[in-house]
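K.L.:
one predicted model, sequence on top.
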Number of protein chains: 2
Amino acid sequence: MKVAKFGGSSLCSSTQVEKCANIIKNDSEIKAVVVSAPGKRFEKDTKVTDLLIALYVNHTADLKTDNALQAIMDRYDDIITGLDIDRTLLDTFEATIKKYLTEIKDRDRLLDALKSCGEDFNAQLMSAYLNKLGINAVYLSPRDAGIFVTDESSNAALLEESYAHLAKLKERDEVIIIPGFFGESKNGHIVTFPRGGSDITGAIVARGLLADIYENYTDQSYIFSGHPGKIENPLPITEVTYREMRELSYAGFGIFHDEALQPLYEVEIPVMIKNTNAPEIEGTKIVPKRAVTPEKPVIGISCDEGFTSISVRHYLMNREIGYTRRLLRVFEKYGVNIEHIPSGIDNLSVIVRSNQFDGNNKKENILKEIEERMNPDWIGIEENLALLVIVGEGMERHIGVANKATKALADHNINIRMMNQGSSEISMVFAVRMEDDDLALSSVYNEYFK
Amino acid sequence: MKVAKFGGSSLCSSTQVEKCANIIKNDSEIKAVVVSAPGKRFEKDTKVTDLLIALYVNHTADLKTDNALQAIMDRYDDIITGLDIDRTLLDTFEATIKKYLTEIKDRDRLLDALKSCGEDFNAQLMSAYLNKLGINAVYLSPRDAGIFVTDESSNAALLEESYAHLAKLKERDEVIIIPGFFGESKNGHIVTFPRGGSDITGAIVARGLLADIYENYTDQSYIFSGHPGKIENPLPITEVTYREMRELSYAGFGIFHDEALQPLYEVEIPVMIKNTNAPEIEGTKIVPKRAVTPEKPVIGISCDEGFTSISVRHYLMNREIGYTRRLLRVFEKYGVNIEHIPSGIDNLSVIVRSNQFDGNNKKENILKEIEERMNPDWIGIEENLALLVIVGEGMERHIGVANKATKALADHNINIRMMNQGSSEISMVFAVRMEDDDLALSSVYNEYFK
């Protein structure tokens, strides 16, 4: 039994929706389907979710909302016309939006409700179209499906009881169609997930139903060993572990959100990366464990920009028990998440995503507080760093893996600003200057894969 | 104006004491001298301090103390006879020891008092011999010199006021001879320093007198780029910074204790490493800053054994603000000092000196507490690691430094268990298995220096 999730590009037009419906029709194993909102049809197109946000902004600014509403309705009109299904759905959709605009006075609640429409309407029309094709499908809102969440606007966290509700859906005869991206709070509010859009719902539903496989449909057939936009013809990955996937998706592998795997990871449900436009391709399988090929210790290389390093020197630092902990406490106080803490004997660097410093002079306050509390001999800050991450379950016991990377970087005259690899780890991290990042990625990629 | 410190091997016999006295006589810049206890004269010899400890152990076990006392007195008799100075000093020494044995009832206090004799007697006889040579020298006990310390036995920490007392010694006409290794508490107890023996006193006196140079005399002319016992003909270092010296001395460079530099570091007094047996050799100079030769980014390589790595995996670890800090809190609770914390995305390793786990099931308790508090997906422990540390002020902006090390290790089939280098750092750390450590050191040394 499978749960399938279709992304925005798979549902951007009637042609794309037809492809998804055919995939569902041709695979009786698919028990539940999670859908995204209509995505972009062409590069300069606007996603329906962004139109909904524009509608919200205009409304709350007391500006005219006609244009935005019209653009949203046009998108659904196109799809419904193309699919030739019941046009009264359009009236329902418009009435829903207008009802939200009229009745919801709390701005944050209104934003969540409007944002949910993109996925919600798509689920309704998908269900209608499947029924037209003769498939016994049913649309279930998150409330009807039992997806209950905490009540903080735009920051939903799943309530554990939801899994028990979802488990009951297995007993139903229909193919179940659920909109992604939001749940309902116990106070009856629509609340969206903070990150990861429909991916998180897909994973939750797959876990609730204890699916054998979770299929994630996008416009890509594979996850690749290197970013396709940066590496020419990168090698497709056929099998990758959750841990490897997490390391790769963390730093620049955008195929889905790195947190979305968590519900599946815990119960070890494998994930298939599938392409709506070429469903016959096997795709990449994400699994708890895989056989490691000794001669291929590395599975992929990613590179992500926008990191900052704060370095502290303090003579005899490492004789002071608790120095590092107290230093990290300063970052924690300002809610700053830490990526890596490479260290020498009397110095250490704290590597963070630069956007963690956004707002309220966080960086300045942290530097000031380190100065005051930690009695450093010297503090330095280095911005505009990129992290190159080399990933592979086979790396740990393999000799010479690090040398390939350092050779490639040295051969291309790239300075290593930071280097990090622990025992029993499946990744190796190098920081380089942002200006070097594309060259660093391609040269290291070529060293391993060419 | 200089302060000179002479180590145990420089004061092990009358011949050696004569060499030291001649150095003092021939350099009118030397204002104060700090002396160690008599060291070994030959490989199987016993240091006087160890004889004093044996005396203490026999005494407190109610065993006969004659042998140990005789052995101690024989050492000083030899030296005093060789120097042909006032033999009543021997009576004073023996009386002092007997007085301590009789009068000091607290065992810890007795140990400190007995241990102090080695240095104390050497200072007295050095002063007598210098006067015989026509030099106006004076022995000052730590109390007379103003070296006051905290009152915990065998764990003296300097009281800051001591520097002001020492500063006054500049006004005296004599060459001042001070025994190393101990100070006096405000309660009138003799208290020894926990580590570093006479080195720490030497540095304290140099700082108190604000010497222009601190000369540290041992039986070596230089600090070398690699450990002379492990590397054949290692390159001598002529100039090294405090920071570099600290990184090198931390991991396997035994010439003096890595904490002893601290008092000098703060006021930037340069240190000369000098050889008592060849004082004409310039030696290694330890300075606050040095000119870096671009083509020689690395100044030295050290390797130290006996490290353990505890690794923790926790899915989405790096989204949990404070996870690392809370993990470090567990180690801190058990008083365990941390060396390095290399990390991946969802995992990190904590590297500690294995001896930090000595006693009371610390390791087991820490593992248990991590298991209970940190909800890890997996914990691993790897023992018997060695840390290879590559040091140099010139490394930071130099391209290809890491590659030389990784190449040497890969060429010699050595697995890298951990790798660590931060921004703005002057060292790079590789962990290897202890069985690989000599090969790792020599192969990496050869890559940089041969």
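P.N.:
Perfect, thanks for sending it.
K.L.:
which SS class is the closest residue to A:E174 other than its chain neighbours?
P.N.:
On the basis of Cβ to Cβ, 6 or more residues apart in numbering or on different chains, the spatially nearest residue to A:E174 that is not a chain neighbour turns out to be A:V138, at 4.0 Å. The C-beta positions use only the backbone N, C-alpha and C, and glycine is treated the same way. Put simply, A:V138 is strand when judged by DSSP: H, G, I helix; E, B strand; the rest coil.
K.L.:
who in the stretch 351-450 of chain A is up against chain B?
P.N.:
A:351, A:380, A:382, A:385, A:389, A:397-403, A:405-407, A:409-410, A:413-429, A:431 (Cβ under 8 Å from any Cβ of the partner chain).
K.L.:
doesn't A:I379 belong to a strand?
P.N.:
Yes - A:I379: assigned to a strand according to three-state DSSP.
K.L.:
that one and A:I416, how far apart?
P.N.:
Counting by Cβ to Cβ, to the nearest Å, the gap from A:I379 to A:I416 is 21 Å.
K.L.:
and if you look at A:V35?
P.N.:
44 Å.
K.L.:
of A:I379 and A:I416, who's got more company?
P.N.:
A:I416 (27 against 17; other Cβ atoms under 10 Å in any protein chain shown).
K.L.:
surely that one is within a strand?
P.N.:
No - counting by three-state DSSP, A:I416 falls outside a strand, being coil.
K.L.:
list the contacts of it.
P.N.:
Residues counted as contacts of A:I416 (Cβ atoms under 8 Å, 6 or more residues apart in numbering or on different chains) are A:T406, A:L409, A:F430, A:A431, A:V432, B:I399, B:V401, B:A402, B:Q421.
K.L.:
give me phi/psi at the last one?
P.N.:
Dihedral angles phi and psi of B:Q421 (degrees, to the nearest 10) take the values phi -160, psi 130.
K.L.:
so what sits opposite it in the bridge?
P.N.:
When assigned by DSSP bridges, B:Q421 has beta-bridge partners A:M419.
K.L.:
give me the number of residues near it?
P.N.:
That count, for B:Q421 with other Cβ under 10 Å as the rule, works out to 28.
K.L.:
quick one: contacts for it?
P.N.:
Taking Cβ under 8 Å, 6+ apart, one finds A:P342, A:G344, A:I416, A:M418, A:M419, A:N420, B:A402, B:S427, B:M428, B:V429 in contact with B:Q421.
K.L.:
what about A:D212, distance to chain B?
P.N.:
Shown here: A:D212 relative to chain B, a distance of 21 Å by Cβ to the nearest Cβ, to the nearest Å.
K.L.:
my read: that residue touches A:K31, true?
P.N.:
No - counting by Cβ atoms under 8 Å, A:D212 does not reach A:K31; the two are 9.9 Å apart.
K.L.:
and the two? Which one has more around it.
P.N.:
Set A:D212 next to A:K31 and count neighbours by other Cβ under 10 Å: A:K31 wins out with 20 against 13.
K.L.:
follow-up on the earlier one: which of the contacts of A:I416 lies closest to B:S309?
P.N.:
Using Cβ to Cβ, B:Q421 comes nearest to B:S309 of those, at 16.8 Å.
K.L.:
distance of A:D436 relative to chain B?
P.N.:
11 Å.
K.L.:
before we move on, what about A:F182?
P.N.:
21 Å.
K.L.:
also A:S154?
P.N.:
With Cβ to the nearest Cβ as the criterion, A:S154 and chain B are 17 Å apart.
K.L.:
likewise for A:G82?
P.N.:
Taking Cβ to the nearest Cβ as the measure, A:G82 falls 40 Å from chain B.
K.L.:
confirm that that residue sits in a strand.
P.N.:
No - per three-state DSSP, A:G82 lies outside any strand segment and is helix.
K.L.:
buried set for the host helix or strand of A:V240?
P.N.:
Using DSSP states H and E, A:V240 sits within strand A:239-241. Residues of strand A:239-241 classed as buried by neighbour count (16 or more other Cβ atoms under 10 Å in any protein chain shown): A:V240, A:T241.
K.L.:
contacts for it next, please.
P.N.:
Outside strand A:239-241, the residues that touch it by Cβ under 8 Å, 6+ apart are A:I223, A:L248, A:T284, A:K285, A:I286, A:V287, A:P288, A:K289, A:R290, A:I299, A:G300, A:E393.
K.L.:
just checking, which helix or strand succeeds it along the chain?
P.N.:
helix A:242-250.
K.L.:
beyond that next one, next helix or strand please.
P.N.:
helix A:262-267.
K.L.:
could you say which helix or strand contains A:V352?
P.N.:
Short version, using DSSP H and E: A:V352 is in strand A:347-353.
K.L.:
now the angle from the helix or strand following that strand to strand A:347-353?
P.N.:
Counting by DSSP H and E, the element after strand A:347-353 in chain order, helix or strand, is helix A:362-374. Relative orientation of helix A:362-374 versus strand A:347-353 (axes from the mean of the first three to the mean of the last three Cα atoms, to 10 degrees): 160 degrees.
K.L.:
so how far is helix A:362-374 off the chain centroid?
P.N.:
Here helix A:362-374 is found 32 Å from its chain centre; the criterion is Cα atoms, centre = their mean, to the nearest Å.
K.L.:
buried residues in the lowest-mean-pLDDT helix or strand in chain A?
P.N.:
One helix or strand of chain A scores below all others by mean pLDDT, DSSP states H and E: helix A:242-250, with a mean of 82. Within helix A:242-250, the residues that count as buried by 16+ other Cβ under 10 Å are A:Y242, A:R243, A:E244, A:M245, A:R246, A:E247, A:L248, A:S249, A:Y250.
K.L.:
for stretch A:136-146, same thing?
P.N.:
A:A137, A:V138, A:Y139, A:L140, A:S141, A:P142, A:A145, A:G146.
K.L.:
quick one: the residues you listed as TSV, columns for pLDDT and distance to A:E152 too.
P.N.:
Formatted as TSV, the buried residues of stretch A:136-146 follow (pLDDT from 0 to 100; distance: Cβ to Cβ, whole Å):
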residue	pLDDT	distance to A:E152
A:A137	98	32
A:V138	98	30
A:Y139	98	26
A:L140	98	24
A:S141	98	20
A:P142	98	16
A:A145	97	21
A:G146	97	20
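K.L.:
ok, and what's touching the helix or strand encompassing A:L55?
P.N.:
Assigned by DSSP H and E, A:L55 belongs to helix A:48-60. Outside helix A:48-60, the residues within contact range by Cβ under 8 Å, 6+ apart are A:8, A:37-39, A:64-65, A:67-69, A:71-72, A:75, A:97, A:101, A:107, A:110-111, A:114-115, A:117-118.
K.L.:
avg pLDDT for that helix?
P.N.:
Averaging pLDDT along helix A:48-60 yields 93.
K.L.:
got the CA coordinates for it in CSV?
P.N.:
What follows is helix A:48-60, C-alpha atoms only, in CSV (Å, rounded to 0.1, in the frame of the first residue of the first chain):
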residue,chain,number,x,y,z
VAL,A,48,-1.3,30.1,-6.6
THR,A,49,0.0,30.2,-3.0
ASP,A,50,1.8,33.5,-3.8
LEU,A,51,-1.4,34.8,-5.4
LEU,A,52,-3.3,34.0,-2.2
ILE,A,53,-0.7,35.8,-0.2
ALA,A,54,-1.0,38.8,-2.5
LEU,A,55,-4.8,38.7,-2.0
TYR,A,56,-4.2,38.7,1.8
VAL,A,57,-1.8,41.7,1.6
ASN,A,58,-4.2,43.8,-0.5
HIS,A,59,-7.1,42.9,1.8
THR,A,60,-5.3,43.8,5.0
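K.L.:
next, the buried residues of it.
P.N.:
Buried, per 16+ other Cβ under 10 Å, within helix A:48-60: A:V48, A:T49, A:D50, A:L51, A:L52, A:I53, A:A54, A:L55, A:Y56, A:N58, A:H59.
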